[in-house]
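**Student:** Provided below are the primary sequence and the corresponding predicted coordinates.
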Amino acid sequence: MVLALGILLAGMPAVSTAQEPITRIAEARSLARTEAARALPVKLRGVVTWRGEGPLRGAMVVQDESAGIYVNGDLARARGFWQGDEAEWAAVQVGALVEIEGVTDRGGNSPPIVPRTVRIVGEQALPAARSMEPARFFSGAEDCQRIEVRGVVQGIRTQLPYLTLMLDANPGRFMALIPAAALPNPEALVDAEVRLTGAPHSRFNTRGEFLMPNIALNGPADLVVEKPAPSGPFEAPKVALNAIAEFRPEPLNAHRLRVEGTVTYAGPGDLLFIEDGGTGIRVKVLHSVPVKAGDRVEVAGFVDESQHFRGLAYAEVRKTGRGPVEEPINVQPEEIVTVNTRSARSSLIAHPGDFNGRLIRFEATLVDILETVPGQQRLVLATRNSSVIATLPMSDSGNPDFFPAGSKLSVTGVAQLVFDPDAFIGGAVAPLRVDVLLRGPADIVILEVPSWWTRTRVLYALAGVAGAFGAAVLWVTLLRRRVGVQATQLAAEMRARRESAVEFQATLRERNRLAANLHDTLLQTVGGIGYQLDACEASAGRDGVAVGPQLEVARRMVDHAAAELRGSVWALRALPLHGRSLPEALRELAGHVGMGHATHIEVRTASPLPEVPEFISGNLLLIVQEALHNALKHAHPTHIVVAAAVEGKEISVTIQDDGQGFAMGSERGPAQGHFGLAGMKERVDRLAGRLEIDSTPGQGTTIRARVFLREFDEDVPAPLP
């Protein structure tokens, strides 16, 4: 139980010093909230009638001859307002006469005093307690005034170092706070009539509105038992379930009642529902007892008025046997609402009954399963003309999602009528709807599973089909565009290869013609010159003329020119394969180009090469020839490797030397009169191939030409003989 220490911890207003301090408690207590909030100065003297313990040690109640008031030391410390002596504060006891200086505050309900200092000035007898006036006590007007009140103890809760007693003053419920050490056997007080003396505190909400009185006692002397409790709870008078709150010419006292019935629901939170004679009631159990549906029980408890239908609270339960489980009543929730509404309009008792707290069975459609709260699931159900919230307790292993939304269900559970507090018709209240408490998954039976093809899923399926169709159209469009691009590229490649083949054929014919002309003209002419020089040397020797040295130089020049011309003629005529394989042609080319050089030229083929169209192999031979000439002329290598290989649909030739190499980007081109590398690249480009050159100064050069082998190469015309 929490006392009125929940005062707002707002910033402390500036203390008003423009007026004399308030010296009478009644004057401070009567201030309006707006006035009390101005922190008016007070200087009071009074006797302490209550002093808090444990977590409430920072609070006390002080009363003078005019009234009593709450002194909130915790609030003073929280705001940094307290300037008093802590030892003196701790020494304050009930009966101490104290002098308090501080200010007023609006508080949480009634105005308290926020102390700056508290000083003990003596001792004083406590003021006489006034008899409780129900109108004042149950409205909060007696807050902090020492009074005497009677009631029946109905329940006890422990919140150390205090015990909280729940009492009924018949009529009117309130609570009492007493140190736990003062009651060594508190359970013996339940159902006893007691007289209490103390200082009331108000229970209130965060708006500062009064909810319930709560009287604070100092010790065992403040509690007097006027009529002891019966020897046992089940000694209470027995009544029928339907007679708990029936009309009586004389009011029912606040003591226990005893009823008997069959358990229809045993849920979490010590909640039971029992039925007997066509009436069901709600029971809030004080001490948990292991019972289940179908158990016959006796219940001794106090009338609970917190619901629209009376039940029992702070109840003791004992099992008396086992009876047949109550058969549920087949009734739709809207029919229950109709019966009760008709009863409210006629101001007569509902017939055949109100059904509240009864076990019912009905058919409904599952709308949704709400987010699980601790210990339970909430199902939203729809009947013909109403909606129902069904609460299903969670099993130890958890409840599976064992039915989909839209399922037709048969539901069994305890009916609970839900009311609109403003819907008064005549003298009775009509319910808005009926909710149910389910005992477990077995209370739900699936009658019909909804078709998988719900409207939402159909829309999703149509959207998926439309999306797939759109994607297919887009794919076909992109594919056609891609095919068109590839067809254009392929046509261009075929055209380039055909042009390369035609160019190659023309080049071969021209090279053969040039070779023949050189052989028939220039080579024969150079040979004739050499013959004439021989004759000149012979004649000059006979005449005694010394022409030998000059003629020797001329002969060497002619021999060199003839060798160069023979090499050129061989190179021009040797390129056509004429039935030779590419490896054979490469070896012949390497042997001829390397003739007269110390460089070793090695030809490698990784595996037997397929038949290669002559216009491709011829262009590759020209590339190899140019690369060998460049290497021998510029790189001065000791070893050159020529390799040919087929990789997938590509044929490649690689020329790798160990010569002096060059820095990539520094090689000479057509602008400097060097056409070797440019010519190699042009040949590869016409065949839609790739030329790769890699060189590092001092580490040699690698040239690799790659060309695709196409199926349509067979249709390219072969070179003419």
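**Tutor:** Arrived safely.
**Student:** what stretches of the stretch 551-700 of the chain score poorly on pLDDT?
**Tutor:** The stretch 551-700 of the chain contains residues with pLDDT under 70 at 551-579, 607, 669-675.
**Student:** am I right that Gly198 is in a helix?
**Tutor:** No: when classified by DSSP: H, G, I helix; E, B strand; the rest coil, Gly198 is found to be strand rather than part of a helix.
**Student:** I'd say it and Asn214 touch.
**Tutor:** No: Gly198 lies out of contact with Asn214 (C-beta atoms under 8 Å); the separation is 9.6 Å. All C-beta atoms are positioned from the backbone trio N, CA, C, and that covers glycine.
**Student:** what is in contact with those two at once?
**Tutor:** Common neighbours of Gly198 and Asn214 (criterion: C-beta atoms under 8 Å, 6 or more residues apart in numbering): Ala176.
**Student:** just want to know which of the two has more residues nearby.
**Tutor:** Comparing Gly198 with Asn214 by other C-beta atoms under 10 Å, the one with more neighbours is Gly198, at 24 against 21.
**Student:** who are the contact partners of the more buried one?
**Tutor:** 50, 146-147, 176, 215-218, 222.
**Student:** dump the residues you listed into JSON lines; add secondary structure and pLDDT as well.
**Tutor:** Output for the contacts of Gly198, formatted as JSON lines (DSSP: H, G, I helix; E, B strand; the rest coil; pLDDT from 0 to 100):
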{"residue": "Trp50", "secondary structure": "strand", "pLDDT": "97"}
{"residue": "Arg146", "secondary structure": "coil", "pLDDT": "97"}
{"residue": "Ile147", "secondary structure": "strand", "pLDDT": "97"}
{"residue": "Ala176", "secondary structure": "strand", "pLDDT": "96"}
{"residue": "Ile215", "secondary structure": "strand", "pLDDT": "96"}
{"residue": "Ala216", "secondary structure": "strand", "pLDDT": "96"}
{"residue": "Leu217", "secondary structure": "coil", "pLDDT": "96"}
{"residue": "Asn218", "secondary structure": "coil", "pLDDT": "95"}
{"residue": "Asp222", "secondary structure": "helix", "pLDDT": "96"}
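**Student:** and these as JSON lines, adding neighbour count and distance to Gly84?
**Tutor:** Putting the contacts of Gly198 into JSON lines (neighbours: other C-beta atoms under 10 Å; distance: C-beta to C-beta, whole Å) gives the following:
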{"residue": "Trp50", "neighbour count": "27", "distance to Gly84": "19"}
{"residue": "Arg146", "neighbour count": "21", "distance to Gly84": "24"}
{"residue": "Ile147", "neighbour count": "22", "distance to Gly84": "29"}
{"residue": "Ala176", "neighbour count": "26", "distance to Gly84": "30"}
{"residue": "Ile215", "neighbour count": "27", "distance to Gly84": "28"}
{"residue": "Ala216", "neighbour count": "27", "distance to Gly84": "23"}
{"residue": "Leu217", "neighbour count": "22", "distance to Gly84": "27"}
{"residue": "Asn218", "neighbour count": "21", "distance to Gly84": "23"}
{"residue": "Asp222", "neighbour count": "21", "distance to Gly84": "28"}
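**Student:** ok, what's across the strand from Ile100?
**Tutor:** Under DSSP bridges, the beta-bridge partners of Ile100 are Leu44, Val118.
**Student:** hang on, isn't it packed against Val42?
**Tutor:** Yes: counting by C-beta under 8 Å, Ile100 does reach Val42; the two are 7.1 Å apart.
**Student:** shared neighbours, the two?
**Tutor:** Ile113.
**Student:** switch the contacts of Gly198 over to a markdown table; also include distance to Glu260.
**Tutor:** Below are these laid out as a markdown table (distance: C-beta to C-beta, whole Å):
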| residue | distance to Glu260 |
| --- | --- |
| Trp50 | 44 |
| Arg146 | 44 |
| Ile147 | 40 |
| Ala176 | 31 |
| Ile215 | 35 |
| Ala216 | 39 |
| Leu217 | 37 |
| Asn218 | 42 |
| Asp222 | 38 |
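**Student:** so which of the residues you listed comes closest to Arg455?
**Tutor:** The closest of those to Arg455 turns out to be Ala176 (C-beta to C-beta; 61.2 Å).
**Student:** state the distance from the closest one to Thr158.
**Tutor:** Counting by C-beta to C-beta, to the nearest Å, the gap from Ala176 to Thr158 is 13 Å.
**Student:** buried sites along the longest strand anywhere in the chain?
**Tutor:** Longest strand in the chain by number of residues (criterion: DSSP state E): strand 408-425. Across strand 408-425, burial judged by 16 or more other C-beta atoms under 10 Å covers 409, 411-417, 419.
**Student:** Ala471 should be in a helix, yeah?
**Tutor:** Yes: checked against three-state DSSP, Ala471 lies within a helix.
**Student:** going forward, begin numbering at 885 instead of 1
**Tutor:** Happy to do that; since the first residue is 885 now, the last one works out to Ala1355.
**Student:** give me the pLDDT for it.
**Tutor:** Note on Ala1355: pLDDT of 89.
**Student:** dump the residue contacts of it.
**Tutor:** Counting by C-beta under 8 Å, 6+ apart, Ala1355 has no contacts.
**Student:** show me what Ala980 is bridged to.
**Tutor:** Those that pair with Ala980 in a beta bridge, by DSSP bridges, are Glu1007.
**Student:** nearest to Leu1322 among the buried residues of strand 1292-1309?
**Tutor:** Gly1297 (4.5 Å).
**Student:** hey, what's the nearest residue in space to the closest one that is not next to it in sequence bridged with?
**Tutor:** Using C-beta to C-beta, 6 or more residues apart in numbering and skipping the chain neighbours, the partner closest in space to Gly1297 is Val1320 (3.4 Å). Using DSSP bridges, the bridge partners assigned to Val1320 are Ala1274, Ala1299.
**Student:** what about Val1320, neighbour count?
**Tutor:** 25.
**Student:** next: Val1367.
**Tutor:** Close neighbours of Val1367, defined as other C-beta under 10 Å, add up to 10.
**Student:** which of the helices or strands spans it?
**Tutor:** helix 1339-1401 (DSSP states H and E).
**Student:** Gly1241 now?
**Tutor:** Element membership for Gly1241, per DSSP H and E: none, as it lies in no helix or strand.
**Student:** cool, Pro1315 as well?
**Tutor:** Using DSSP H and E, the element containing Pro1315 is strand 1312-1321.
**Student:** got the angle for the next helix or strand after that strand vs strand 1292-1309?
**Tutor:** Where DSSP H and E defines the elements, the next helix or strand beyond strand 1312-1321 is strand 1328-1332. Strand 1328-1332 and strand 1292-1309 are oriented at 110 degrees to each other (axes from the mean of the first three to the mean of the last three C-alpha atoms, to 10 degrees).
**Student:** report the buried residues of strand 1328-1332.
**Tutor:** Under the neighbour-count criterion of 16+ other C-beta under 10 Å, strand 1328-1332 has Ile1328 buried.
**Student:** packing partners of that strand?
**Tutor:** In terms of contacts (3 or more C-beta pairs under 8 Å, 6 or more residues apart in numbering; DSSP states H and E), strand 1328-1332 is packed against strand 1292-1309.
**Student:** the protein: helices as residue ranges?
**Tutor:** Assigned helices in the chain, in chain order: 909-913, 917-920, 957-962, 970-975, 1018-1021, 1217-1230, 1339-1401, 1408-1427, 1432-1458, 1466-1477, 1498-1514, 1560-1570 (criterion: DSSP state H).
**Student:** just to revisit the earlier point, who touches both of Ala1060 and Thr1042?
**Tutor:** Thr1048.
**Student:** the residue nearest to Ile1128 when sequence neighbours are not counted: how many residues sit nearby?
**Tutor:** Distances taken as C-beta to C-beta, 6+ apart place Arg1194 nearest to Ile1128, at 5.1 Å, with adjacent residues excluded. Arg1194 has 15 neighbouring residues, counting by other C-beta under 10 Å.
**Student:** repeat that for the one 5 residues further on.
**Tutor:** The number of residues packed near Ala1199 is 27, by other C-beta under 10 Å.
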